[in-house]
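Asker: Show me the folded form of this:
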Amino acid sequence: MKILTVCGMGSGSSLILKMNVDSLLSSMGVDADVEVCDLGSAKGTDADLIISTTGLQSQLEDVNVDKIFITNVINKEELSTELTKYLNK
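Answerer: Residues are numbered from 1 along each chain as shown. Coordinates of the predicted model:
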């Protein structure tokens, strides 16, 4: 599974998301390739899942990939809940 964590520039909140996703997936025993990506590059990259903030939701609507949007990049509980829902569907 390939997961992109996306923010506007690809180096701030997306990096925090990547570290949190890596940690959560490891504790769940899920193997995935998690990459940091900027908004522009996300639109042309193959991935199974994009994780980003609600602030970028409208700009990622046209990307035909499953998406998770969260409100707070440092809130692991919110991320864990949404990631678990996605993995269990």
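Asker: Which residue lies closest in space to Glu78, excluding its sequence neighbours?
Answerer: The shortest distance from Glu78 to any non-neighbouring residue, by Cβ to Cβ, 6 or more residues apart in numbering, is to Ile70 (5.2 Å). All C-beta spots, glycine's among them, are computed from the backbone N, C-alpha and C.
Asker: Report how many residues lie close to that neighbour.
Answerer: By other Cβ atoms under 10 Å, the residues close to Ile70 number 19.
Asker: In the sheet, which residues pair with it? Tell me.
Answerer: Beta bridges link Ile70 to Thr53 when assigned by DSSP bridges.
Asker: how near is it to Ser26?
Answerer: Distance, Ile70 to Ser26, using Cβ to Cβ, to the nearest Å: 19 Å.
Asker: Would you mind listing the residues in contact with the residue nearest to Glu78?
Answerer: Leu17, Ile51, Ser52, Thr53, Thr54, Glu78, Leu79, Glu82 (Cβ atoms under 8 Å, 6 or more residues apart in numbering).
Asker: repeat for Leu15
Answerer: Thr5, Cys7, Val36.
Asker: residue contacts, the spatially most central residue of the chain?
Answerer: By Cα atoms, centre = their mean, the mean C-alpha position of the chain lies nearest to Ile51, the distance being 1.9 Å. Going by Cβ under 8 Å, 6+ apart, Ile51 touches Ile3, Leu4, Thr5, Val6, Leu17, Val21, Lys67, Ile68, Phe69, Ile70, Leu79, Leu83.
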